[in-house]
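>>> no sequence for this one, just the structure:
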């Protein structure tokens, strides 16, 4: 069935780029992001007669917002303060406060690093945190990472995106296309793309040409002023690659510099010396990497860059992209909401590709605060955005959630001490990150994780009955009902349901002779249950 | 035609009805006939991974009397006209279930690249992680009602371990291997002493109840996988005894022998017997750049003993019919003997063996020239080898997975199983 459907679509000529031409029909640019989101999402739902899920209560919304913005669950004290507040502006105030916290940038840098850096490499994260902290827009960050910016701090960290991939130019070209422009061109290496007529071998080798003169010179990436790419078509024809961007725009460039053997020898010696001195190599007068920056961001070609940012941030917040898969942003795989993606792209480039601003708008929409539970009979598919998606936590979020939920909640009651205590607790558990896998599309939890929690000695400490642990506080509460209420609020940030009260109380009563063990087991069950593992 | 109506068509019937698509994309598209299901039912694969690259000349493709032949002779096997190295006298008497493949040309001659190729059956591609053979087999042959691990991988040596790819790739963590490196027992499989078995079970039930309540009204593939993972814990724990050789009669242990490889082969047999669809036992390190002949005297002798014992044991238990035993490596070794009396990496003309399930026993496929420098007849690559393995256990090698809308066949398009060795 899939193949047939693809065929139907491929006959159409409508796509991404043409949709961009209709920009004059978009909502005015003064509209707020949250209004634009709700307008386009609701209009689309109306055309499909889709009934959205109800709005969530303050408990869930607080937890979701804190996880998305600062990467952790709230403490019991924070839950109480938020839900009892009568301030009609409390939601906006919360979002604005969280976005200003250092954890906002820390988490953003961590997530971006997980997308951009090869697994396990973290130098880029240092750069990203620094750049975001300085208020750099995504265009600026892109420039630092692809071209380099040697006047500022951390140039070599920024260059890791390129430097770690430079020995495999195919990989570097494709990673750049996929991660910055939402376009996976790997199929087009060996043949014109079978499904997307717009992507040919010329595009693949065109993208590769932006990098082919670059090479790793120690911590830095250097570039020569010569070097061409030739490739063979499927019919065996030998062609010279042009400096061509994904949009098909071609850059006219000066003739390559020709060096005689003597000059080449000197060039090589210079590079070696700079490498020894741990210094960057000055870019050539005509830098192909600089050309990539210029063309990708210029008015007629910036669509891919802007839409990719909007789509990836949308996916990060809503758990499902406007274009899925995220690296298949091409005319034959149209967005679920083309106008919305156009509007967001326009908004982000008009506002300096400011990620913080974009995220703020996305979380303030009504679409964001829908429930992840659908009460109706037929749950609408994800692309309607009629319910919130259940998102697996990142390793860092899960480590923080386990750290905070297993701690005696009273530890965080004192408002003067809370901030530093929370921070210490979270930082002390960073080591747990390594036990979990960074979730990608279609993420599955491994049985190793379940076995670890079920039987590993190192997890036992989280569930024990001790003064500094949740179990310690619970054991001191005589009434089972109060005990369960406290436990559920500490771990799930909400009141307990009747069903939970009954089941958990029964569990404890059945173990009247060993209440402490029973409580430790309850804490285990709460911490390992899906409700803590996911952001909902 | 508007963009929106296009999209409706693109997204198909489920979208038109406004209903969430099933969370298991891979499964909807699997759509397999019942007869195919029956073909695969109960089939298993045991891979003996000869890490570092065993020499084909000292095993399946000797060249006695040639300059490249080395000091060892060839011996006549139970098959008329077929000779193998004299280092394998036991296998020589029992080739009736085995097919020898002497014509692999896999082109990649470095350990990392070669091992990846022979685990994945294809070259890597940026931005798409392919599953390895074990994950594919775990998925295709595994049964959800069986409480045993479906992919177990032993690799105790440190040399080359990083090359032994066990990755579920786009199939997802459900099909990741249980990877044993230090011990013959997997980590976290036994209950801690301070909780009783009953409490361990009941707290898991309580967890399940809480999670089920949470999952009500919510749909997510990841959420489903979380509960599936916990649902497997107790079953896997009960399979702990499969890793415990003290449960095996002394007579059987003696028969296999005391080497680590022998013991792991015996654990592998226990797992296979209990229904585990894929087990890999790695024996390292065959990388004999120097002193090739001493190394192979020791290691081939062990392989001959362990492999023949394993095959006999499986046959006596009636398991060989449904179990495919494969010997494979990242490559073979050069016919040319170097100055250190070693053999170097050689991917151009080397051998593998297939025994048992789905295999036409007593066959030899392909041939190298008289010095073993080139494949003379019936050259095949990694993809054909993988297609043959899949087909032998009843899996259509051209079956396609879908990653998004992109079809990914099990083996590279245009490659086929070697029918000559299939029963």
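Good, I have the coordinates. Keep in mind the model is a prediction, meaning the values are calculated, not measured. Numbers count the residues shown, from 1 in each chain, chains lettered A, B, ... in the order given.
>>> alpha carbons only for contacts and neighbour counts from here, please
Noted.
>>> which residues touch residue A:169?
Residues touching residue A:169, when contacts are defined by CA atoms under 8 Å, 6 or more residues apart in numbering or on different chains, comprise A:208, A:211, A:212.
>>> can you list those residues in JSON lines and add secondary structure?
Listed next are these as JSON lines, based on DSSP: H, G, I helix; E, B strand; the rest coil:
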{"residue": "A:208", "secondary structure": "helix"}
{"residue": "A:211", "secondary structure": "coil"}
{"residue": "A:212", "secondary structure": "coil"}
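>>> of those residues, which are in range of chain B?
Counting by CA under 8 Å from any CA of the partner chain, nothing from the contacts of residue A:169 sits close to chain B.
>>> which of those has the most neighbours?
For the contacts of residue A:169, neighbours were counted by other CA atoms under 10 Å in any protein chain shown; the highest total belongs to residue A:208, with 26 neighbours.
>>> ok, that one touching residue A:171?
No. Using CA atoms under 8 Å, residue A:208 is not in contact with residue A:171, being 9.3 Å away.
>>> what's the overlap in contacts for those two?
Counting by CA under 8 Å, 6+ apart, nothing touches both residue A:208 and residue A:171.
>>> quickly find the element holding the residue nearest to residue A:160 when sequence neighbours are not counted.
Nearest in space to residue A:160, with sequence neighbours left out and distances taken as CA to CA, 6 or more residues apart in numbering or on different chains, is residue A:124 at 6.0 Å. Secondary-structure assignment from DSSP states H and E places residue A:124 in helix A:123-133.
>>> chain center to that helix: distance?
Centroid separation for helix A:123-133 versus its chain: 15 Å, with CA atoms, centre = their mean, to the nearest Å.
>>> got a pLDDT number for whichever residue of chain A sits closest to chain B?
Among the residues of chain A, residue A:381 lies closest to chain B, at 3.5 Å counting by CA to the nearest CA. Each residue has a pLDDT score; the one for residue A:381 is 91.
>>> quick one, phi psi at it?
Dihedral pair for residue A:381: phi -60, psi 160, per degrees, to the nearest 10.
>>> in the stretch 1-150 of chain B, which spans are strands?
In the stretch 1-150 of chain B, strands defined by DSSP state E, counting those that start in this stretch lie at B:44-51, B:74-76, B:83-85, B:98-104, listed in chain order.
>>> quick one: residues in contact with the second one.
Surrounding strand B:74-76, the residues in contact under the criterion CA under 8 Å, 6+ apart are B:62, B:63, B:64, B:82, B:83, B:84, B:85, B:86, B:89, B:92.
>>> again, but for the last one
Residues outside strand B:98-104 that contact it (CA under 8 Å, 6+ apart) are B:60-61, B:347-356, B:359-368, B:375-382, B:421.
>>> for residue 45, list the residues it contacts.
Picked chain A for this. By CA under 8 Å, 6+ apart, the contact list for residue A:45 reads A:51, A:52, A:384, A:386.
>>> chain B is the one I meant
Here residue B:45 is in contact with B:137, B:277, B:278, B:279, B:323, B:324, B:325, B:326, B:393 (CA under 8 Å, 6+ apart).
>>> for it, list each beta-bridge partner.
Beta-bridge pairing of residue B:45 under DSSP bridges involves residue B:278, residue B:324.
>>> now do it against chain A, distance only.
Spatial separation of residue B:45 from chain A under the definition CA to the nearest CA, to the nearest Å is 21 Å.
>>> helix or strand for the residue lying closest to residue A:256 once chain neighbours are set aside, which one?
Excluding its sequence neighbours, the residue lying closest to residue A:256 (CA to CA, 6+ apart) is residue A:226, at 4.8 Å. Using DSSP H and E, residue A:226 maps to neither a helix nor a strand.
>>> check the burial of residue A:226 by counting its neighbours.
17.
>>> next up, the contacts around it.
Contact partners of residue A:226, counting by CA under 8 Å, 6+ apart, are A:213, A:256, A:257, A:258.
>>> counting neighbours, which of those residues comes out on top?
Most neighbours among those, by other CA under 10 Å: residue A:213, with 18 neighbours.
>>> pretty sure the residue nearest to residue A:160 sits against residue A:117.
Yes. Using CA under 8 Å, residue A:124 is in contact with residue A:117, at 6.9 Å.
>>> show me what from the stretch 151-300 of chain A comes close to chain B.
Selection of the stretch 151-300 of chain A residues close to chain B by CA under 8 Å from any CA yields A:171, A:174, A:175, A:184, A:186.
>>> pLDDT value on the second one, please?
What it means is residue A:174. Reported pLDDT at residue A:174 in the predicted model: 90.
>>> remind me which helix or strand it belongs to.
Using DSSP H and E, residue A:174 falls within helix A:169-181.
>>> chain center to that helix: distance?
Offset of helix A:169-181 from its chain centre (CA atoms, centre = their mean): 17 Å.
>>> can you check stretch B:141-155 too?
Counting by CA atoms, centre = their mean, stretch B:141-155 is centred 12 Å from the centre of its parent chain.
>>> quick one: mean pLDDT over it.
Stretch B:141-155 comes out with an average pLDDT of 87.
>>> how about stretch B:348-363?
Here stretch B:348-363 scores 98 as its mean pLDDT.
>>> any regions of chain A where pLDDT drops low?
Screening chain A residue by residue with the criterion pLDDT under 70, one finds the ranges A:1-24, A:120, A:187-191, A:193-198.
>>> near chain A, which residues of the stretch 51-200 of chain B show up?
The stretch 51-200 of chain B has residues B:125-127, B:172-174, B:176, B:188-192, B:199 near chain A, with proximity defined as CA under 8 Å from any CA.
>>> and if we set it to 6 Å?
By the rule CA under 6 Å from any CA of the partner chain, the part of the stretch 51-200 of chain B lying against chain A is B:126, B:172, B:173, B:174, B:188, B:191, B:192.
>>> count the neighbours of the third one for me.
By other CA under 10 Å, 21 other residues sit near residue B:173.
>>> the fifth one now?
Residues contacting residue B:188 under the criterion other CA under 10 Å number 19.
>>> that one: which element?
If you go by DSSP H and E, residue B:188 is not part of any helix or strand.
>>> so what's residue B:108 closest to, chain neighbours aside?
Sequence neighbours aside, residue B:114 is the residue nearest to residue B:108 in space, at 5.1 Å (criterion: CA to CA, 6+ apart).
>>> on that earlier part again, format the strands of the stretch 1-150 of chain B as TSV; extra columns: distance to residue A:346 and mean pLDDT.
Putting these into TSV (distance: least, CA to CA, whole Å; pLDDT from 0 to 100) gives the following:
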stretch	distance to residue A:346	mean pLDDT
strand B:44-51	55	98
strand B:74-76	75	97
strand B:83-85	71	98
strand B:98-104	55	98
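>>> check the stretch 251-400 of chain B for the residue nearest chain A and tell me.
Residue nearest to chain A within the stretch 251-400 of chain B: residue B:400 (12.0 Å; CA to the nearest CA).
>>> show me what contacts that residue?
Contacts here follow CA atoms under 6 Å, 6 or more residues apart in numbering or on different chains; on that basis residue B:400 touches B:407, B:408, B:409.
>>> filter the residues you listed down to just the ones in strands.
Using DSSP state E to define strands, the subset of those located there is B:407, B:408, B:409.
>>> out of those, flag the one nearest to residue B:168.
The closest of the ones in strands among the contacts of residue B:400 to residue B:168 turns out to be residue B:408 (CA to CA; 14.2 Å).
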